[in-house]
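In: take this sequence and fold it.
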Amino acid sequence: MLDIEDFKKKINEKSRLMGIDPGKVRIGISISDENRKIATPHKTIIKGNFDNFLSEINILISDFSIEGIIIGNPLNMDGSTSSSAQSARDLAINLSNNISLPITLWDERLSSEGSFKLMSNLNINSSKKRSLLDQNSAAFILQGFLDFLNK
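Out: Below is the predicted model:
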């Protein structure tokens, strides 16, 4: 796992990145375009055992030529570490031990709320919105990182 500055040095100028919104039950996945301008929601993975999760992540890395992973870090509003933030950090460390790509954490405070507000404009029912929330949150996290990279 790298800090943001080291992560930026490790990725190529044209590279697809993956965003991960870690949750207790569901894990949202998003993917950027190769110009690192737009994050697109991709899928939600139901949390099971780590080996199955790792296998799904490796397939996505291969299929989309992913060159770096950004994991949402759900800090408390005052910036302190929450139990969810510790879980995100543990996920980042476990992935770093099993995947040779650069991996970093990105502050994701309010990503779920922001994602739900964006989806409120969509003409779909509430249960469908809830089913898309995790992958949209992952896109919200990744887009924040992409905006940071491109400023």
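In: helices along the protein, start to end?
Out: For the chain, applying DSSP state H gives helices covering 4-10, 50-64, 83-98, 111-119, 126-149.
In: so where's the chain uncertain?
Out: 109-131 (pLDDT under 70).
In: swap the cut-off to 80 and go again
Out: Applying pLDDT under 80 to the chain flags residues 75-80, 109-133.
In: one step back: mean neighbour count, the helices of the chain: which tops it?
Out: Stretch with highest mean neighbour count among the helices of the chain: helix 126-149 (a mean of 21; mean count of other C-beta atoms under 10 Å). Bear in mind the C-beta positions are built from the backbone N, C-alpha and C, glycine included.
In: CA-only coordinates of it in CSV, if you can.
Out: Provided in CSV are the C-alpha atoms of helix 126-149 (Å, rounded to 0.1, in the frame of the first residue of the first chain):
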residue,chain,number,x,y,z
SER,A,126,-35.5,2.8,-4.6
SER,A,127,-34.6,-0.9,-4.4
LYS,A,128,-32.8,-0.5,-7.8
LYS,A,129,-31.0,2.6,-6.4
ARG,A,130,-29.9,0.6,-3.3
SER,A,131,-28.6,-2.2,-5.5
LEU,A,132,-26.5,0.3,-7.5
LEU,A,133,-25.3,2.3,-4.5
ASP,A,134,-22.0,0.5,-3.8
GLN,A,135,-20.7,0.6,-7.4
ASN,A,136,-21.8,4.2,-7.7
SER,A,137,-20.1,5.0,-4.4
ALA,A,138,-16.9,3.4,-5.8
ALA,A,139,-17.2,5.6,-8.9
PHE,A,140,-17.7,8.7,-6.6
ILE,A,141,-14.5,7.7,-4.7
LEU,A,142,-12.5,7.1,-7.9
GLN,A,143,-13.8,10.3,-9.5
GLY,A,144,-12.6,12.3,-6.5
PHE,A,145,-9.2,10.7,-6.9
LEU,A,146,-9.2,11.4,-10.7
ASP,A,147,-10.1,15.0,-10.1
PHE,A,148,-7.3,15.3,-7.6
LEU,A,149,-4.8,13.8,-10.2
